[in-house]
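**Q** Let me see the structure of the following:
(2 chains)
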Amino acid sequence: MSDLQPPPVDARSVPRETRTTRLEVARRELEAATARGEGGRQALKQYSQRMDAVIQQLFAEAGTASQLVGVFALGGYGRRQLCLHSDIDLLVLFADEITPLDERFLHGFLNPLWDLGLTVGHHVREVGEGSRLADDNPEFLLALTDARAVVGDATLLDQFVDGTEVARMAARTLQALKTLIAERHARFNDTLYQLEPDVKDAPGGLRDLFGAQTIAKLTDPVLLAQGGSSSRVLDDAEEFLFRVRSVLHLESKRHHNVLTHELQERVADRLGYAGPSVRQPVERLMGDYFRHARAIDRTVRWALRAAPLPIGENLVRASDGIRFVDVREASGRPETWLALFQAAIDGGCPVSDDAMACVEQNAGRFSAADFFPTRAHCQGLLHFLKPKSGLYARLSEMHDAGLLGQMLPEFKGISFLVVRDFYHKYTVDEHTLLTIRNLERLTEPSPGRERFSRLLGELQAPELLTLSLLYHDTGKGRGQSHEVESRRLAAKMLDRLALDSDARALVEFLVSEHLKMSLVAFRRDTEDPEVVRQFAGLVGVEERLKLLCLMTFADVGAVSPETLTPWKEELLWRLYVDTYNHLTLSYGDEVIDAKQAAIAELVEQRPADLSQDQIAAFLQGLPRRYLQLFPGEAVYRHVRLANDLAPGSVQAWFERKESAWELTVLTRDQPFLFSNISGVLSSYGMDILRGFAFTKPDGLVVDMFHFTDEERFLELNPGGDAQILRVLEDVICGRRDVAVKLKGREEGALRRKLPAFAPVIHCDNDASKRYTIVEIITENALGLLYRMSRVMSESGCDVDLVLIATEGRRAIDVFHLTQGGAKLSPQQQLELTENLQRVLEGRA
Amino acid sequence: MKLIKSIVRPNKVDEVKAALEKLQISGMTVTEVRGHGKQKGHTAIYRGQEYQVSLLPKMEVEVVVPDSIVEDAIKAIIEAARTGEIGDGRVFVLPVHESYKIRTGEREVS
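**A** So this is what the prediction gives:
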């Protein structure tokens, strides 16, 4: 039979009768071939093409759709293996929402197919539904793997599939296929040696062959070349089964695939099996059948056993590690490479040798921008850099393959760099990577180093620490003061990655100051409060202190195995604790003075509408910490609002901060102010994670709350922020009682659980000259801040300064209190502690 | 000969070393140690919880010097390591009867 192209289609010139005739001719053609014993691959392909022509004709005659539409062949028809009485599986895909005009088009297209006596299985979809494809019916997903454009807009299928999570869809399809194969085999008692086999469904039948091919398509195109039967043997088996199946359809005149005893004789005859007795041709036929079925069975079992697991776009997890499904495609898409290493970390396995070879051979072709073309790719890098088991190994592989230096060109300068000194034992690049291994080890059980592990677990963005470590020594080998050069190089990277200003400032700080903490801890008298005060001034806030402490830990530990002794760890930790205490307990005594350099800068860069005096007056009396927390623009905004703040009024606003929110409030101090604000937030289910409250001597209050919206109130309610602000103003101005609003929620929260650990309440009258400091560490809970601060106010205390922190389930809050303008007496401290204890233990 | 064993603040080691070098004393052993003196450490607070810091990090500097410069060496160490605050450390002086160079086996007698 020749592989003829279907006759040209012209809707205007082909009458309906011709359509029927055309199909009849095609059928007769296949029947004739089958009768000659030639109903194999070529005949089925030709019949499929004839069917394409019929479909194309019907499409043309169906009228006009209101939009782009495409028709795609699925299943066996999609593979061009259409048998005489097989179903015609079609996908009709519309570019947009289906209109009444499109429905008319559909009827016009499908009805004549049924009129022709064809059994049609059809799916009608819109391209937009592709985004939910990964959750679709698994059998439909399976049918899609063989989809082929027949007529209409062929690009719609790509658009349909592009919208979905390819890896998840592939994984689901694969799982569905495995289940279907297992169920089908079970129906045949898991043996291919059937006396009357179903050539399509039985073990070793055509479905198994397609199944093995689909597994390879979904996971590894060369899977079938690595095991099972050879491709030549499989080709022979397929051809044999097609020929048998064609005869079965022809002889039974219906969709019938069981090679019954009766049909075995006829099939043997059609396929030219001869012999002196009646039984011999049949025995030879069945002998060949079992030989071919066994070949297919071997292959499908191999595919099921060896198939890699799809885990990401063009990525699978195989026995030798993470691999690209299509290496050629991957070689030209450098932006997908980081996902390879991320998958290896996530899966706790290596990157396969062939994937590493692909990266190594192609890395030099690309520049830094090629790896991070979008913001999502930059975020992907940050996600990758979160300290976790396997990060060092993967980064080392990336470095060895030349990838790290292409992604982060500044890192190239320290490759194999030798700096001779008395301490370092490794090249600068390896020292750098070892610092990251030291961090990584803190994420695992670290006997003796639990305190540093806890610090790492408390970091808000540990990935920025890894990024800083990658750059901390990049300036080495370029003259003196390598930290200055390292900062300059880090700035180039930060420009490329376009990190937000906070992240950028943090990385620049860590890179440029990475030597400071070891210098102070190991070379200065840390028992001198002035040394600690100066160091606290350098770090400014607790988060930076933690980061610098861990950076020092990782850096010193990577110099040599002997360098970070338990003795040095102790010195480092003591400096950390002393500085932490200074930052949280003594900051209230350090108020802004007019000579501070930061003020001069603020005044110099002030907008035209603000005078020097206004800025100075606003800052007067605020803790210096305020300037560490707010950038210039925020300060100017506060100055303006404070100037316009009428007595008894409130200025408050929300800002979205990635997955969380911030509420800033400026108002005048009054009793219960802090508890009222925190109570309003809690009454909307907000979980307050961080924040602070500053009260100036003149009574101006600046509070900031960083919280998560657990119930998505702000997201789901347009205008919800305005509603909360109205309630806040009502509560602060005394028009509404927050206790009533919070009561139901609070009772529910208190009923739900008891604290997992005993609360710690510590009063300190020595750390600050002006305030009694109450430090409370307890289990975080809804309304906790409200309850604690209400007790303080009820006890007659003024809540002047507050630091709020949450680390995992622990709330760590530090209150600076006065009573009648003075520190609390020992008796007052005792009473307050008892009251707090009662509230925290749920006894009040 | 005398063995002078000094327990000093970690940040004072460089100054002690420089002071001894001025006396032409170059060989020395420096060890990281932890201990406490009369105060037996102190109480520290971290996140509201008190804990006892009983052993404080110090550095031990050991030198062996001829009898003729023992007094000068002790004076140099004390001057270099002193801050005037509690926790400045201690200096111990022990007799050394003889010493041997391991490479040559050469013996030195006090």
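**Q** rest of the way, CA atoms for contacts and neighbours
**A** Will do.
**Q** what's around residue 43, how many residues?
**A** If you meant another chain, say so; for now it's chain A. Close neighbours of A:A43, defined as other Cα atoms under 10 Å in any protein chain shown, add up to 27.
**Q** think we crossed wires, I meant chain B
**A** 10.
**Q** who's it bridged to?
**A** Beta-bridge partners of B:T43, counted by DSSP bridges, are B:Q52.
**Q** Now do the same contact list for it.
**A** B:50-53 (Cα atoms under 8 Å, 6 or more residues apart in numbering or on different chains).
**Q** Locate A:D800 within the secondary structure: which element?
**A** Following DSSP states H and E, one finds A:D800 within strand A:798-807.
**Q** longest strand anywhere in chain B?
**A** What stands out as the longest strand in chain B, according to DSSP state E, is strand B:56-65.
**Q** does whichever residue of the stretch 651-800 of chain A sits closest to chain B count as helix, strand or coil?
**A** Closest contact between the stretch 651-800 of chain A and chain B, by Cα to the nearest Cα, is at A:H762 (4.9 Å). At A:H762 the chain is in strand, as set by DSSP: H, G, I helix; E, B strand; the rest coil.
**Q** and it, how many neighbours?
**A** By the criterion of other Cα under 10 Å, A:H762 has 18 neighbours.
**Q** Tell me if the strand holding A:D800 is near chain B.
**A** No. For strand A:798-807, no contact with chain B is found by Cα under 8 Å from any Cα of the partner chain; the gap never falls below 11.2 Å.
**Q** about what we covered before: the longest strand of chain B: what's the following helix or strand?
**A** helix B:70-81.
**Q** Report the rounded mean pLDDT for the next helix or strand along the chain from that following helix.
**A** Later in the chain than helix B:70-81, the nearest helix or strand by DSSP H and E is strand B:89-95. Mean per-residue pLDDT for strand B:89-95: 96.
**Q** Touching strand B:89-95 from outside, list them.
**A** For strand B:89-95, contacts defined as Cα under 8 Å, 6+ apart pick out B:1-9, B:37, B:74, B:78, B:81.
**Q** wait, isn't A:V54 in contact with A:T21?
**A** No. Counting by Cα atoms under 8 Å, A:V54 does not reach A:T21; the two are 10.2 Å apart.
**Q** of these two, who's got more company?
**A** The neighbour count for A:V54 versus A:T21, taken as other Cα under 10 Å, is higher for A:V54 (22 against 11).
**Q** Helices of the stretch 601-750 of chain A, start to end?
**A** Under the criterion DSSP state H, counting those that start in this stretch, the stretch 601-750 of chain A contains helices at A:612-619, A:625-629, A:632-643, A:673-683, A:713-716, A:720-732, A:738-752.
**Q** So for the first one, what gets flagged as buried?
**A** The one in question is helix A:612-619. Within helix A:612-619, the residues scored as buried using 16 or more other Cα atoms under 10 Å in any protein chain shown are A:614-616, A:618-619.
**Q** Run a quick neighbour tally on B:P95.
**A** Neighbours of B:P95 under the rule other Cα under 10 Å: 12.
**Q** What residues are bridge-paired with it?
**A** Per DSSP bridges, the residues bridged to B:P95 are B:K2.
**Q** circling back to that earlier point, any idea which of the helices of the stretch 601-750 of chain A is most buried?
**A** Neighbour counts (mean count of other Cα atoms under 10 Å in any protein chain shown) averaged over each of the helices of the stretch 601-750 of chain A peak at helix A:673-683, with a mean of 24.
**Q** picking up where we left off before, confirm for me that the residue of the stretch 651-800 of chain A closest to chain B is in contact with B:G48.
**A** Yes. Using Cα under 8 Å, A:H762 is in contact with B:G48, at 4.9 Å.
**Q** hey, what's in contact with both of those two?
**A** Joint contacts of A:H762 and B:G48 (Cα under 8 Å, 6+ apart) are A:775-776.
**Q** any idea which of the contacts of strand B:89-95 is closest to A:E450?
**A** Nearest to A:E450 among those, counting by Cα to Cα, is B:R9 at 26.3 Å.
**Q** if I pick the residue nearest to the closest one when sequence neighbours are not counted, what's in contact with it?
**A** Once flanking residues are discounted, B:R9 sits nearest to B:K58: 5.2 Å by Cα to Cα, 6 or more residues apart in numbering or on different chains. Listed by Cα under 8 Å, 6+ apart, the contact set of B:K58 reads B:7-10, B:32-35.
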